[in-house]
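[1] I need the structure of the sequence given here:
(chains A, B, C and D)
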There are 2 protein chains.
Amino acid sequence: MAPARLPPSSPSGPAPARTAGVPKRVTLKDIAQALKVSPATISNAYNRPDQLSPQLRARILETAQALGYSGPDPLASSLRRGRAGAVGVVYDATLSYAFADPAASLFLGGLARTLEEQNLGLLLISGPPDLDRPASLSRIQGASVDAFLVYSAADGSELLQAVLGRGLPVVMVDQAPVAGVAHIGIDDAGGAAEAARHLLDLGHRQIGVLCLEFGPPDRTLASSGQPRGTVTPEREAGLTYHTTGERLRAYRAAAQAAGATLHVVEAQDNTLQEAEALALELLGRQPQITAVLCMSDVLAQGALSAARKLGLKVPAHLSVVGYDDVPSSAALGLSSVHQPTAQKGELAGRAVLELLAGETPRARILPTRLIVRNSSAAVRREPEPGTDPDRSG
Amino acid sequence: MAPARLPPSSPSGPAPARTAGVPKRVTLKDIAQALKVSPATISNAYNRPDQLSPQLRARILETAQALGYSGPDPLASSLRRGRAGAVGVVYDATLSYAFADPAASLFLGGLARTLEEQNLGLLLISGPPDLDRPASLSRIQGASVDAFLVYSAADGSELLQAVLGRGLPVVMVDQAPVAGVAHIGIDDAGGAAEAARHLLDLGHRQIGVLCLEFGPPDRTLASSGQPRGTVTPEREAGLTYHTTGERLRAYRAAAQAAGATLHVVEAQDNTLQEAEALALELLGRQPQITAVLCMSDVLAQGALSAARKLGLKVPAHLSVVGYDDVPSSAALGLSSVHQPTAQKGELAGRAVLELLAGETPRARILPTRLIVRNSSAAVRREPEPGTDPDRSG
DNA sequence: TTGTACGCGTTATCAT
DNA sequence: ATGATAACGCGTACAA
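    Numbering: from 1, shown residues only, chains lettered A, B, ... in the order given. Prediction:
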């Protein structure tokens, strides 16, 4: 049967070639034959109009239209030229999660803007739908791209290996540096330390920490009797997400210096819903907590939501500090660590372009800084924290 | 000079072939020659392991590794197989704007999830960086894809024409239906009508409307003396974004039926910042407004932000209703029209898959429904609206 | 200004 | 289980 091709439904377009038995695809050669011209001339008509008499070119375009030929096949063209015209963007998580984070979107936007300049497309390649590694790997091996950009993959991830194995130019973003690979990142630790010190300076000493994922999901955890998000030593041993590690270590160092106690839980998904559930559980279990450090604004927004459900006023009863400073956080009055997310995307794009041009981009670490809004305040000096009737809500 | 290829920096990998003058790329044929085997066998070693003695396959993989061959070239493979392994996603706006909307992200996430099942990649193709139509068009013509998905393009957009011109399967989402083209959408008008009636039922009769873009930017507006966002008859004549049109007409019909007055402004960008600025201007100019209808939650969040800056309490002084019901809106307590955004993406993906399989997907219009939260309330019966001291802030 | 010839790297088919 | 051959659709020297 005919392949899944819709007829050109533009009312203006003439009908495609004659229906001669097999609906064979029209190619450049067909046009050449129809016009008794060389294929090269047809090619030139599309790619180098200056090599052609305008009139011949007009005739060519015309009969091409008439025969239903819509220009050189991009695939064949790419093969011949040796450039795919696209950059592969690899995430070590399902795309649906990637897209759930506004920060990721911002980054991709910046990246796209830069790559568009050179007419490069963005081929999105996500991590495992669940745990289907092989499928992801084959998607990497089969990607028609000129370069790769790896974003937030776990240290030593198979995806990373697969990408490196392709032997194409690679730029890594928000990852542990790998020797010989271009690299763009932010000052994760600096921002985290600033956030932690901010809360410590406000007098908080019992601080909850909502972490991003430590690493790929650990199935063994599901069966343990512990509440979701519990950070066991085993779990912490699998701390392979660079960003999570950097931030957590910085939180801890600051807390230790101030003699404060951290209550750390891990959000398996970077979603508002997950964060809300975790925060509810954590605050219920540890009512002495007066502040929450969050590794993303999405998590922080979940914490805000949990606070509201518990009847806790922010920042009077509970301080919340996020990370990323996504646009909606300004509207929410959320204190957060700002990072130049879109710029990070642009720089990553530049790095790709430089690599493609044979240059060697230098590694860049972008600055972070805390933006204080209305979600953080000095700890309340109460007679008996924990017996506050407000907290029973 | 050597092309922009990074050396395989994995410490375990052996060095790539000998450095014999030209760093010519190793191909399947090279492996075949090195092993004195047929190219077909090498191909089989990668694609059909069962057609091979395990030992021969092992030898092949081994020398491939030694020679720095990382498997069949995806481009050549695609050319030969006749499938590009990717779907082109076309936006009629810069990707950076596309990504700025959480709803768009959600949609893409759902889409990606579905396409991943068939190992199809997502090739993102955005509209003009500014007004550089030709570049966008060439990106469409040069995209190595098996199908296209067009999302929110203007009616009759050149991008749309270019896509249709490729003769590939096409799915359109959130667009005016085009005969013969698969189509997924939502009940834009129904949701908008519900939102409007909600405010009207609450007694609001002076309602601001923050619209999404009417169509591609109109340069002539910039020089006119009118405030940004003003909806002139000329501008409204260029109302080519289907979603905007559907929603606006529904708002108007409902308002007219209730004898209410609408104050319509157009946000040229779907961003919180733009919406905030527009809302500030609008509420300053028309203080009698008691409610704002917004065509997206991003715009609504901007309106909330503006209200705060004006010292207006929501919903006591001002009601705000959004559209899309993105995740963060729940945390903000924003009343909004919910649409099954992620599901829309999945269905769009299904439609693409069906088209690729030679089937004809049926058009689907997904339902919308208003979610009432805390940003909308009955209009205040005040002695003199407009003289309220609170509003002078 | 136009044509010729070849190669890009792979895979399907059919044979052995 | 393995091999030979012919496409796939196009771009580019180079020659005419």
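
[2] Tell me what the residue nearest to A:Arg364 when sequence neighbours are not counted is bridged to.
    Using Cβ to Cβ, 6 or more residues apart in numbering or on different chains and skipping residues adjacent in sequence, the residue nearest A:Arg364 is A:Ile184, 5.2 Å away. The C-beta positions use only the backbone N, C-alpha and C, and glycine is treated the same way. Assessed by DSSP bridges, A:Ile184 has beta-bridge partners A:Val173, A:Arg364.

[3] And A:Ile184, how close does it get to chain B?
    15 Å (Cβ to the nearest Cβ, to the nearest Å).

[4] Quick check: that residue touching A:Ala363?
    Yes: taking Cβ atoms under 8 Å as the definition, A:Ile184 is a contact partner of A:Ala363 at 7.2 Å.

[5] Neighbours of the closest residue to DNA strand D within the stretch 201-350 of chain A, how many?
    Among all residues of the stretch 201-350 of chain A, A:Gly349 sits closest to DNA strand D, at 24.4 Å; criterion: Cβ to the nearest atom of the strand. A:Gly349 is flanked by 25 other residues according to other Cβ atoms under 10 Å in any protein chain shown.

[6] mind listing what the closest residue in space to it that isn't next to it in sequence touches?
    Among residues not flanking A:Gly349 along the chain, A:Thr114 sits closest, at 2.7 Å (Cβ to Cβ, 6+ apart). Contact analysis of A:Thr114 by Cβ atoms under 8 Å, 6 or more residues apart in numbering or on different chains lists A:345-346, A:348-350, A:352-353.

[7] From B:Gln141, how far off is the residue nearest to A:Arg364?
    31 Å (Cβ to Cβ, to the nearest Å).

[8] Run a quick neighbour tally on the closest residue to A:Leu61 other than its chain neighbours.
    Computed as Cβ to Cβ, 6+ apart, the closest residue to A:Leu61 that is not its neighbour in sequence is A:Ala45, at 6.6 Å. Residues near A:Ala45, counting by other Cβ under 10 Å, number 24.

[9] What strand or helix carries A:Ala45?
    Secondary structure assignment for A:Ala45, by DSSP states H and E: helix A:39-47.

[10] Quick check: what element follows that helix along the chain?
    helix A:54-67.

[11] so what does that following helix touch, helix or strand wise?
    Applying 3 or more Cβ pairs under 8 Å, 6 or more residues apart in numbering or on different chains; DSSP states H and E, one finds that helix A:54-67 contacts helix A:28-35, helix A:39-47.

[12] which of the residues in the first one are buried?
    Just to be clear, that refers to helix A:28-35. A:28, A:30-32, A:34-35 (16 or more other Cβ atoms under 10 Å in any protein chain shown).

[13] Also the longest one?
    Residues of helix A:39-47 classed as buried under the neighbour-count rule (16+ other Cβ under 10 Å) are A:41-46.

[14] Show me which of those is closest to B:Gln226.
    A:Tyr46 (44.0 Å; Cβ to Cβ).

[15] if I read this right, that closest one contacts A:Pro72, doesn't it?
    Yes: applying Cβ under 8 Å, one finds A:Tyr46 in contact with A:Pro72, separated by 5.6 Å.

[16] Name the residues contacting each of those two.
    Both A:Tyr46 and A:Pro72 lack any common contact, where contact means Cβ under 8 Å, 6+ apart.
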